[in-house]
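Everything below, folded, please.
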Amino acid sequence: MKVEKNKVVCFHYTLKNTEGTVLEASHDGEPAIFLHGARNILPALEKSLDGKNIGAKLNVCLDALDAYGPRQEAKIQRIAVKHLKSADRKLRPGSIATIDTEQGQQQVTVLKVGKFQAVIDGNHPLAGQALEFDIEVSAVRDATEEELAHGHPHGPDGHSGH
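Numbering: from 1, shown residues only. Take a look at the predicted model:
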């Protein structure tokens, strides 16, 4: 079965920066899974997978614009600490937190913390970087009606895990 619109695709990957440092890899765990055509992954990555078959191996190099975009200084802001939600009990530089925005919840990185204010970075941690993906397509199946309605897959076999 080919990777095409409305198919659920599972793939293993290794993500590296331009220096060859491995940033993430899925080979020791579960594969990545997405609904093709629903913008669940980077558009340029999705396009490179289009038409591939199970077992296909590919190397995809994305410049910063096609990956997570350029770093934007405007996304570095000072906000009230009370607006940050974090799993960490104590916020510190490097902590990941979420804030509520008009577009929904957004993940941010805490750069500096004071008693009442914090400096946050709303850029994706990989923004401004060219990235290289080594990918192996491990499974392709038809999406269920529910997955199509929701715009995302519910698991490798079509069932949500809850």
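
quick one, phi/psi of Lys75?
phi -90, psi 0 (degrees, to the nearest 10).

any idea what sits nearest it, other than its immediate chain neighbours?
Gly122 (3.7 Å; CB to CB, 6 or more residues apart in numbering). In this view, the C-beta of every residue, glycine as well, is placed from N, C-alpha and C.

Extract the CA atoms of stretch 89-97 and return them as PDB.
What follows is stretch 89-97, C-alpha atoms only, in PDB (Å, rounded to 0.1, in the frame of the first residue of the first chain):
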ATOM      1  CA  ARG A  89       7.200  22.400  40.500                       C
ATOM      2  CA  LYS A  90       9.800  25.100  40.200                       C
ATOM      3  CA  LEU A  91      10.300  27.000  37.000                       C
ATOM      4  CA  ARG A  92      13.900  27.500  36.000                       C
ATOM      5  CA  PRO A  93      15.700  28.500  32.800                       C
ATOM      6  CA  GLY A  94      15.200  25.600  30.300                       C
ATOM      7  CA  SER A  95      11.900  24.500  31.700                       C
ATOM      8  CA  ILE A  96       9.100  23.800  29.300                       C
ATOM      9  CA  ALA A  97       5.800  25.400  30.100                       C
END
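
which outside residues touch it?
81, 84-88, 107-113, 118, 120 (CB atoms under 8 Å, 6 or more residues apart in numbering).

so what's the residue located most distally from the centre of the chain up against?
Distance to the chain centre peaks in the chain at Lys115, reaching 31.6 Å (criterion: CA atoms, centre = their mean). Going by CB under 8 Å, 6+ apart, Lys115 touches Val81.

and it, what pLDDT?
Looking at Lys115, its pLDDT reads 92.

Quick check: it vs Asn6, distance?
51 Å (CB to CB, to the nearest Å).

With Leu35 instead?
For Leu35, the distance to Asn6 - CB to CB - is 7 Å.

Of those two, give the one with the bigger neighbour count.
For Leu35 versus Asn6, neighbours defined as other CB atoms under 10 Å are more numerous around Leu35 (22 against 12).
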